[in-house]
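Peer 1: Turn this into a model:
(one chain, ligands or ions: 2)
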Amino acid sequence: MKPIISPSILSADFAHLSDDMEMINRSQADWVHIDIMDGVFVPNISFGFPVLKYVAALTDKPLDVHLMIVQPEKFIPEVKALGAHVMNVHYEACPHLHRVIQQIREAGMQPAVTINPATPVALLQDIIKDVYMVLIMSVNPGFGGQQFIEHSLEKVRELRALIDRTGSKALIQVDGGVNLTTGAQLIEAGADVLVAGNAIFKAADPETEIEQMKDL
Ligand code: DX5
Ligand code: ZN
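Peer 2: Residues are numbered from 1 along each chain as shown. Ligands and ions are numbered 1, 2, ... in the order given. Prediction:
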């Protein structure tokens, strides 16, 4: 099966975002990855809902919303209003993760959970059957253009084993330092969804880059 490709607009040209969104629309990209930061959970701030309202209107592709914020459950109505397909929250930001996952599902979105590089896959054992997708961060979240952490490959293999053992249907997504080289290794390890920012938007021909990722 071909991987799902989700370009991260964090690396797009914010002054010409509509051009970059048109490129995504023309391309073979499956989803659009949107990174929301709060300067608290991660040491950076990206964009908020007043801006995203306009971004969301520029595409019909499913929105894959990655919230790098504390108390993400507060923003379920705002994420829903964007028309998001996936609402993704961090394991480390949710002491009551089970409740948050149910709330996201009740709001009519697909719930996903993300783990940081230092968070073990084994901690997902009791939630794996309730989530649509798990995102393994392969860099420390907060910035685009960082180097892929090699150990992430081992985590993908471990997660694949957990999913197979429990009969979960969760997709495996990876985000951070993903390019054609690391992407191929990730797919081999069992990843289903590749997020890529710099590899796509800094490429000479972003549309072709997406096509090549799709063909990995
Ligand atoms: C990082 C974000 C990523 C980021 C990936 O915190 O979650 O989605 O845009 O950027 P690249 O692909 O450049 O590492
Ligand atoms: Zn992300």
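
Peer 1: buried residues in whichever strand or helix holds Lys53?
Peer 2: Using DSSP states H and E, Lys53 sits within helix 49-56. Neighbour-count burial for helix 49-56, counted by 16 or more other CB atoms under 10 Å, picks out Leu52, Val55, Ala56. All C-beta atoms are positioned from the backbone trio N, CA, C, and that covers glycine.

Peer 1: Which one of those residues is nearest to Ala204?
Peer 2: Val55 (24.2 Å; CB to CB).

Peer 1: Excluding chain neighbours, give the residue nearest to Val156 in space.
Peer 2: Once flanking residues are discounted, Val156 sits nearest to Ala189: 4.1 Å by CB to CB, 6 or more residues apart in numbering.

Peer 1: Any idea how many residues pack against the one you found?
Peer 2: 19 (other CB atoms under 10 Å).

Peer 1: Over to Phe47?
Peer 2: There are 16 residues near Phe47, going by other CB under 10 Å.

Peer 1: Not counting sequence-adjacent ones, nearest residue to it?
Peer 2: Phe47 sits nearest to Ile36 (CB to CB, 6+ apart), 7.2 Å away.

Peer 1: So which residues of the protein form strands?
Peer 2: Counting by DSSP state E, one finds strands in the chain at the ranges 4-7, 32-37, 63-68, 86-90, 110-115, 133-137, 171-175, 193-196.
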